[in-house]
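Compute the structure for the input listed below.
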Amino acid sequence: MRILVVDDVKTFPFNKGDDVTYARTLAEGLEQIESSWGQIWLDHDLGGEDTIRPIVRRLAEMAYNGEPPTDNICICSLNPVGVDYIRSSLERWYWIAYCTDPSQVRSILGEGRAIWY
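Numbering: from 1, shown residues only. Model (predicted):
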């Protein structure tokens, strides 16, 4: 499966056969979401003043236009306000999973060895 993770620091123990791309900056994330993905994982805070919000707006626009890059979004953020923003902006068009605590990695991926921070 092709997986995009837009997160400045976290890494996750995806399956060995998965094709995982980490976009560590807002600019990298904006570029990568223009491709098709099996899943997209989103963190809210991307370092400095950058947040995921421009990417969320683009994902909503793409879905509205009938061209979503995925059906599946996983929110992987500890920021409750950010999680709510992502959820409320995208839940109309995407299936949403939550990984808002390091302990949830095991239930989502079957493995708990994520590098959270």
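
Tell me which stretches of the chain form helices.
26-32, 53-64, 80-90, 104-109 (DSSP state H).

Can I get the ones you listed in CSV including distance to Ile96, mean neighbour count and mean pLDDT?
Any C-beta I mention is one placed from the backbone N, CA and C, and that applies to glycine too. Output for the helices of the chain, formatted as CSV (distance: least, C-beta to C-beta, whole Å; neighbours: other C-beta atoms under 10 Å; pLDDT from 0 to 100):
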stretch, distance to Ile96, mean neighbour count, mean pLDDT
helix 26-32, 17, 17, 97
helix 53-64, 11, 16, 98
helix 80-90, 6, 16, 96
helix 104-109, 12, 15, 59
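
Same list (the ones you listed) but as TSV, adding distance to Leu46.
Putting those into TSV (distance: least, C-beta to C-beta, whole Å) gives the following:
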stretch	distance to Leu46
helix 26-32	5
helix 53-64	9
helix 80-90	10
helix 104-109	20
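
Cys74 is nearest to which of these?
The closest of the helices of the chain to Cys74 is helix 104-109. By C-beta to C-beta, the value is 6.9 Å.

and Val81, what is it in contact with?
Neighbouring residues of Val81 by C-beta atoms under 8 Å, 6 or more residues apart in numbering: His44.

any idea how far it lies from Thr100?
Going from Val81 to Thr100 by C-beta to C-beta, to the nearest Å gives 12 Å.
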